[in-house]
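S.K.: Sequence below, structure please.
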Amino acid sequence: MTSIRQRFRDLIAAPEVLVMPGAYDALSAKLIASAGFKAVGAGGYAAIGSMMGEADGGQSNVRDYADHYARIAGAVDLPVLADADTGFGGTGNVRQMVRAFEAAGVAAIMFSDQMFPNRCGYLPGKQVVPSEVMVARILAALDARRDSELVIIARTDVMALDGLDAAIDRCGLYLQAGADFAKPQGVDKSADIARVVKEVPGPHIATQSNAAGMRHLSWAELGAIGVAGVTLPSACLFAAAEGVRRMLETAYRDGSLAGTGDHVIGLDAYYRTVGLAEQNDREQRYDEEAAQIVALRAE
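M.R.: Numbering: from 1, shown residues only. Alright, predicted model coming up:
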């Protein structure tokens with residue numbers, strides 16, 4: 001049987017663009033799976049928003065992230081691409097991060113060359129470490145992984161500071177250091193993406209973040225350029241926040257839940273998503289099998 005990590009590699013290598021909506025918790029991961037997507041993204045932007053109700057400024061820690069990603073990966077039988085910020089410190093921290101995220105069950109880990117603490121790639125105030133510091137992080141990550149199929153993605157945020165040439169140069173260096181994939185953050189324009197696809201070896205994973213606005217290329221357009229995958233790191237988080245906001249405003253205005261039906265999932269659909277019928281079937285089967293075992297023992 002193909003492992004979840006090899007499945008991620010196969011999906012990225014396939015001709016069609018692998019679209020990875022961002023899960024902010026286990027329930028949103030299940031909704032992504034129910035909608036038919038083949039992989040899940042799990043990033044710091046959505047994690048900080050859901051866990052802390054704050055903007056993403058790298059204010060959480062590796063253990064909270066590992067627990068968060070474990071719940072997401074455990075909820076679905078889909079590969080999960082997890083964001084690891086900067087690796088959470090020096091090379092020793094990177095080693096611990098890889099071990100923790102690998103144990104959490106993710107298929108791929110992406111971390112950046114920002115200075116610690118990490119900031120959302122679309123927020124101002126970012127700084128990057130010297131390239132040799134990031135190379136050391138990559139070497140530590142490769143040395144720490146126990147499963148060679150775990151995908152290590154090195155991201156550079158240098159474009160916002162020094163331009164696309166510097167980003168492409170760093171991507172080449174990070175691949176030379178052994179990273180499985182390299183990703184320049186902030187490459188959103190068609191011409192820039194095409195250049196990255198041409199000049200950076202390996203698959204390119206684009207980002208379509210709500211933090212960058214809503215004017216994005218279609219997935220067909222990305223595929224025509226040569227993009228292998230695209231993450232939607234914040235779309236589910238923003239949709240959930242808007243849905244909850246509308247429901248609460250309606251309930252507060254009306255003094256009743258009567259008018260909130262259009263803003264909430266139906267009970268049957270919710271139970272299908274969370275697998276209530278399957279859960280009940282398992283419990284019944286366990287009880288019946290347990291009774292048979294006890295009865296046989298008593299004979």
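S.K.: per the record, what domains does this structure have?
M.R.: 4-233, 234-264, 265-299 (automatic domain parsing).
S.K.: Check which residues of the shortest one are buried.
M.R.: Looking back up the chat, that one is domain 234-264. For domain 234-264, a neighbour-count test (16 or more other C-beta atoms under 10 Å) marks 234-238, 240, 247, 250, 263 as buried. C-beta: built from backbone N, CA, C; applies to glycine.
S.K.: How far does that domain sit from its chain's centre?
M.R.: Here domain 234-264 shows a centroid-to-chain-centroid distance of 25 Å under the convention C-alpha atoms, centre = their mean, to the nearest Å.
S.K.: that older thread, would TSV of the domains of the chain with mean pLDDT be doable?
M.R.: Converted to TSV, the domains of the chain look like this (pLDDT from 0 to 100):
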stretch	mean pLDDT
domain 4-233	94
domain 234-264	95
domain 265-299	95
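S.K.: Can you give me the end-to-end span of stretch 32-47?
M.R.: 16 Å (C-alpha to C-alpha, to the nearest Å).
S.K.: Go through the domains of the chain and pick out the most buried.
M.R.: Across these, averaging neighbours per residue (mean count of other C-beta atoms under 10 Å) puts domain 4-233 on top, at a mean of 19.
S.K.: in the stretch 51-200 of the chain, which spans are strands?
M.R.: 80-83, 108-112, 151-156, 181-184 (DSSP state E, counting those that start in this stretch).
S.K.: can you tell me which of the ones you listed comes nearest to residue 139?
M.R.: strand 151-156 (10.4 Å; C-beta to C-beta).
S.K.: what is the orientation angle of that closest one with strand 108-112?
M.R.: Strand 151-156 runs at 20 degrees relative to strand 108-112, counting by axes from the mean of the first three to the mean of the last three C-alpha atoms, to 10 degrees.
S.K.: Residue 63: which of the buried residues of domain 234-264 is nearest?
M.R.: Of the buried residues of domain 234-264, the one sitting nearest to residue 63 (C-beta to C-beta) turns out to be residue 237, at 21.5 Å.
S.K.: Help me confirm that the closest one comes into contact with residue 43.
M.R.: No. Using C-beta atoms under 8 Å, residue 237 is not in contact with residue 43; the gap is 9.4 Å.
S.K.: Give me the common contacts of those two.
M.R.: residue 22 (C-beta atoms under 8 Å, 6 or more residues apart in numbering).
S.K.: Who are the contact partners of residue 39?
M.R.: 8, 11, 18-20, 78-81, 107, 229.
S.K.: What of residue 71?
M.R.: Residue 71 touches 25-26, counting by C-beta under 8 Å, 6+ apart.
S.K.: 6 Å instead?
M.R.: residue 26 (C-beta atoms under 6 Å, 6 or more residues apart in numbering).
S.K.: likewise residue 70?
M.R.: Counting by C-beta under 6 Å, 6+ apart, residue 70 has contacts residue 104.
S.K.: okay if I get the strands of the stretch 51-200 of the chain as a markdown table plus distance to residue 167?
M.R.: Formatted as a markdown table, these follow (distance: least, C-beta to C-beta, whole Å):
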| stretch | distance to residue 167 |
| --- | --- |
| strand 80-83 | 18 |
| strand 108-112 | 11 |
| strand 151-156 | 5 |
| strand 181-184 | 4 |
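S.K.: Between those, which one is closest to residue 204.
M.R.: strand 181-184 (7.2 Å).
S.K.: Sheet partners, orientation included, of the closest one?
M.R.: strand 151-156 (parallel) (DSSP bridges).
S.K.: outside of the strand it pairs with, which residues touch it?
M.R.: 108, 110, 112-113, 138, 141, 167, 170, 174, 179-185.
S.K.: Work out the gap between that strand and the centre of the chain.
M.R.: Using C-alpha atoms, centre = their mean, the offset of strand 151-156 from its chain centre is 13 Å.
S.K.: Next, give me the two most distant ones among the contacts of residue 39.
M.R.: 19 and 107, at 15.1 Å, using C-beta to C-beta across those.
S.K.: Now secondary structure and distance to residue 50 too, for the buried residues of domain 234-264, in CSV please.
M.R.: As requested, these are arranged in CSV below (DSSP: H, G, I helix; E, B strand; the rest coil; distance: C-beta to C-beta, whole Å):
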residue, secondary structure, distance to residue 50
234, coil, 11
235, helix, 13
236, helix, 10
237, helix, 7
238, helix, 11
240, helix, 8
247, helix, 17
250, helix, 22
263, helix, 19
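S.K.: Save those as a markdown table, and put in distance to residue 94 too.
M.R.: Listed next are those as a markdown table, based on distance: C-beta to C-beta, whole Å:
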| residue | distance to residue 94 |
| --- | --- |
| 234 | 25 |
| 235 | 29 |
| 236 | 28 |
| 237 | 26 |
| 238 | 30 |
| 240 | 31 |
| 247 | 41 |
| 250 | 46 |
| 263 | 42 |
